[in-house]
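Participant: structure of the sequence below:
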Amino acid sequence: MASEFSVSMLASGSQGNVTYIETPTHKVLVDAGLSGKKIDDLMSQIGRSLQDVDALFVTHEHSDHIAGVGVLARKYGFDIYANAKTWDAMAGKIGKVKPEQMNLFEAGDTKLFGDLDVESFSVSHDAADPQFYAFHHNNKTFAMLTDTGYVNDRIAGTIRNADAILMEANHDYEMLRMGGYAWSLKQRILSDQGHLSNEDGALALTEILGDRTKNVYLGHLSQENNQKPLAHLTVQQVLEEHDFGVNHDFNLFDTDPAVATKLFEV
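Facilitator: I've put the predicted structure just below:
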């Protein structure tokens, strides 16, 4: 029996990102930042098949988000959605994709796919025209926000009070500062076009969480500059300092770069 509105973060991290979303009539992916075989294996972890996917939404052209896009497009023939600048930036990186599979989805637009409404919004990241998505079904919303250097009022307002949220907790500031990355890369990550730290992600959540929010997932953790227990503890502490009832009013979960989260109901 098909679930009403379910999601799994198949993989989330600096090495690759894939999210699966299903409604009774649609099964879609957001990004495909791993090999086709790895994504196929991750789908099997949640008892689903890539053969049933009908669309893939791309956020931006970085390899940890598009590594498997071309392979999946050619093997399974489903529609791919991205904005014009992202399509241009992906050219030469994903191989040949049939023109009829290439669909434009510009930032700020909402597209209707039967029982699934998909809303896109711009973020601040060092890519051609990065955007993320909020998925709406039957008065429920699942929102995704990673790969952004900051969260302004427009972004927060777009996804405020979503029922479930994937929020970036990319790095611990001290781990990044003391780590082995080149200074130029550290500057990029810390910039307004970089990534949210654990604390930044938590502070953004204080502006986004609402009474409807029941599930929050921490995503896109850096393999070198973060640890799951540290990210979880930091975010929980910041939220509790702002009087949010973590694991009472809503649940706080981790994601993993190689193990799919349990398929959960939004």
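Participant: can you tell me how far the residue nearest to residue 265 when sequence neighbours are not counted sits from residue 263?
Facilitator: In space, residue 265 comes closest to residue 6 once its chain neighbours are excluded; the distance is 5.6 Å by CB to CB, 6 or more residues apart in numbering. Quick note: C-beta positions are derived from backbone N, CA and C, even for glycine. According to CB to CB, to the nearest Å, residue 6 stands 5 Å off from residue 263.
Participant: hmm, back to that, next up, the contacts around the residue nearest to residue 265.
Facilitator: Going by CB atoms under 8 Å, 6 or more residues apart in numbering, residue 6 touches 21-22, 263-266.
Participant: now do 6 Å
Facilitator: Counting by CB atoms under 6 Å, 6 or more residues apart in numbering, residue 6 makes contact with 22, 263, 265.
Participant: could you do residue 25 as well?
Facilitator: So, once contact is read as CB under 6 Å, 6+ apart, residue 25 ends up touching 114-115.
Participant: what's the burial count for the residue lying closest to residue 11 once chain neighbours are set aside?
Facilitator: Take residue 11 and drop its neighbours on the chain: the residue closest to it by CB to CB, 6+ apart is residue 18, 4.9 Å away. For residue 18, the neighbour count with other CB atoms under 10 Å is 26.
Participant: equivalent analysis for the one 4 residues further on, please.
Facilitator: Here the count is done by other CB under 10 Å, and residue 22 has 22 residues near it.
Participant: let me know the pLDDT of the residue lying closest to it once chain neighbours are set aside.
Facilitator: Distance criterion CB to CB, 6+ apart; nearest residue to residue 22, sequence neighbours excluded, is residue 6 at 5.2 Å. Per-residue confidence at residue 6 stands at 98 (pLDDT).
Participant: got it, and the one 3 residues further on?
Facilitator: According to the predicted model, the pLDDT of residue 9 comes to 98.
Participant: tell me the strands beside the one helix or strand it maps to, with direction?
Facilitator: In the assignment (DSSP states H and E), residue 9 maps to strand 6-11. As defined by DSSP bridges, the strand partners of strand 6-11 come to strand 18-22 (antiparallel), strand 264-265 (antiparallel).
Participant: now the helices for the stretch 1-150 of the chain?
Facilitator: 36-45, 63-66, 69-76, 84-90 (DSSP state H, counting those that start in this stretch).
Participant: tell me the most buried of those helices?
Facilitator: Ranked by mean neighbour count, the helices of the stretch 1-150 of the chain are led by helix 63-66 with a mean of 20 (mean count of other CB atoms under 10 Å).
Participant: and it, what other elements does it pack with?
Facilitator: Contact partners of helix 63-66 among helices and strands, from 3 or more CB pairs under 6 Å, 6 or more residues apart in numbering; DSSP states H and E: none.
Participant: residues in contact with it?
Facilitator: With contact meaning CB under 6 Å, 6+ apart, helix 63-66 is reached by 16-17, 31, 33, 59, 90, 94.
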